[in-house]
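1. please find the sequence and the predicted model below.
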Amino acid sequence: MNWPLAAVAQFCASSAISRNATICSELVERAAAQGVKTVFFPEASDFIAESTKESIQLTTSLKESSFVKSLQESARDKRIWISIGVHEASSSPDQIYNSHLLINDEGNVVSVYRKIHLFDVDIKNGPRLMESDSTRSGDIIPDPVLTPIGNVAQQTCYDLRFAELSIAQRHRGADILTFPSAFTVKTGQAHWEPLLRARAIETQTYVIAAAQIGQHNSKRSSFGNSMIIDPWGTVIARASESTTPSLAIAPIDLDYLEKIRAEMPVMTHRKNDVYPKIY
């Protein structure tokens, strides 16, 4: 059987929203031309700002976002599904959401996940990165969405470190876990691939992780290494180390997924009489 193709897209976003939209639309076109059914973009694909103030100034509602409209048009035009991380205005003028959208092949936003775990690090005599200064945490885990490649469950970047969320999504029927990200270089070098492979192995799902790469501005750079991992924990596609916008493509074989789950049924071996079940 010819299993449907998924692609991870990788690029270096700047604060120029129109530029980022053009890059994403071009990557959608390239993916569609190669027969991809669903393409996955990084966290903050709409922009990466130089300051909290600029980030808040650039953020709009999803309905008002020219960037989101551009991607909806691309999805509709190329008949392809899109997963993408964007900024979204909240009811507070001083806080925004870090949101992950699923757009179907008709151009409709069918699911919005707002990042639950915020990256707050304040190291003495070291870096201070407090996402909660400007970002409001989400509090809803949306159910997986049926797409042409399987049931896709949404997360974002730092959520990767919290296995409970992935286990909950597996219980809800996820075939694929997604982690649009902008990992720092230091944490990426140490933890990115081990964490992604662990989530795939423990939940027996495909993991699709699109990541920002390169120097966004004078204050921020990202690790890259976008990849697709199968339910056995094998990396089956990896993006180039270049900062040039790129794709990595792999088939999503749900028969293989079911074979792994049947041969090693870890979810039925969980001792929920000893510790709580995660929903």
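-> That came in fine, so what should we check first? What you see is a predicted model, and the numbers here were worked out from it, not measured in a lab.
2. when you work out contacts or count neighbours from here on, use the C-alpha atoms and nothing else.
-> Noted.
3. pLDDT wise, what is G126 at?
-> Looking at G126, its pLDDT is 66.
4. who does the one helix or strand in the chain whose mean pLDDT sits lowest pair with, and is each partner parallel or antiparallel?
-> Scoring the helices and strands of the chain by mean pLDDT, DSSP states H and E places strand 128-130 at the bottom, with a mean of 79. If you go by DSSP bridges, strand 128-130 pairs up with strand 120-122 (antiparallel).
5. how far away from the center of its chain is the strand it pairs with?
-> For strand 120-122, the distance from its own C-alpha centre to the chain's C-alpha centre is 21 Å (Cα atoms, centre = their mean, to the nearest Å).
6. now the helices for the stretch 151-279 of the chain?
-> Using DSSP state H, counting those that start in this stretch, the helices of the stretch 151-279 of the chain run over residues 163-171, 185-187, 193-203, 254-263.
7. ok, P251 to Q34 distance?
-> 12 Å (Cα to Cα, to the nearest Å).
8. between these two, which one's more packed in?
-> P251 (18 against 11; other Cα atoms under 10 Å).
9. S242 and Q10, how far apart?
-> Note on S242: its distance to Q10, by Cα to Cα, is 9 Å.
10. more neighbours, these two?
-> Q10 (35 against 14).
11. can you pull the contacts of the more buried one?
-> Counting by Cα atoms under 8 Å, 6 or more residues apart in numbering, Q10 touches 41-42, 210-213, 224, 226, 239, 243, 245-247.
12. partner strands of the helix or strand that contains it and their direction?
-> Per DSSP states H and E, Q10 falls inside strand 5-10. Using DSSP bridges, strand 5-10 pairs in its sheet with strand 36-40 (parallel), strand 246-251 (antiparallel).
13. deepest in the core, which of the ones you listed is it.
-> strand 36-40 (a mean of 25; mean count of other Cα atoms under 10 Å).
14. list of residues touching that strand?
-> Against strand 36-40 from outside (Cα under 8 Å, 6+ apart): 4-9, 28, 31, 80-84, 147-149, 180, 208-210, 249.
15. then stretch 116-132?
-> The contact list for stretch 116-132, computed with Cα under 8 Å, 6+ apart, reads 135, 137-140, 158-159.
16. how about stretch 241-256?
-> With Cα under 8 Å, 6+ apart, stretch 241-256 has contacts from 3-12, 23, 27, 31, 36, 149-150, 175, 206, 213-214, 224-228, 236-240.
17. now, these that are in strands?
-> Applying DSSP state E to the contacts of stretch 241-256, the entries found in strands are 5-10, 36, 150, 206, 213-214, 227-228, 236-238.
18. now tabulate the helices of the stretch 151-279 of the chain in TSV and tack on mean neighbour count and mean pLDDT.
-> Below are the helices of the stretch 151-279 of the chain laid out as TSV (neighbours: other Cα atoms under 10 Å; pLDDT from 0 to 100):
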stretch	mean neighbour count	mean pLDDT
helix 163-171	19	98
helix 185-187	13	94
helix 193-203	20	98
helix 254-263	14	98
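19. so who does the spatially most central residue of the chain touch?
-> In the chain, the centroid-proximal residue (Cα atoms, centre = their mean) is P180; its distance is 2.0 Å. Shown in contact with P180 (Cα under 8 Å, 6+ apart): 40-43, 84-85, 100, 155-157, 209-211.
20. hmm, 6 Å instead?
-> 42-43, 156-157, 209-211 (Cα atoms under 6 Å, 6 or more residues apart in numbering).
21. can you tell me which of the residues you listed is closest to S111?
-> T156 (13.6 Å; Cα to Cα).
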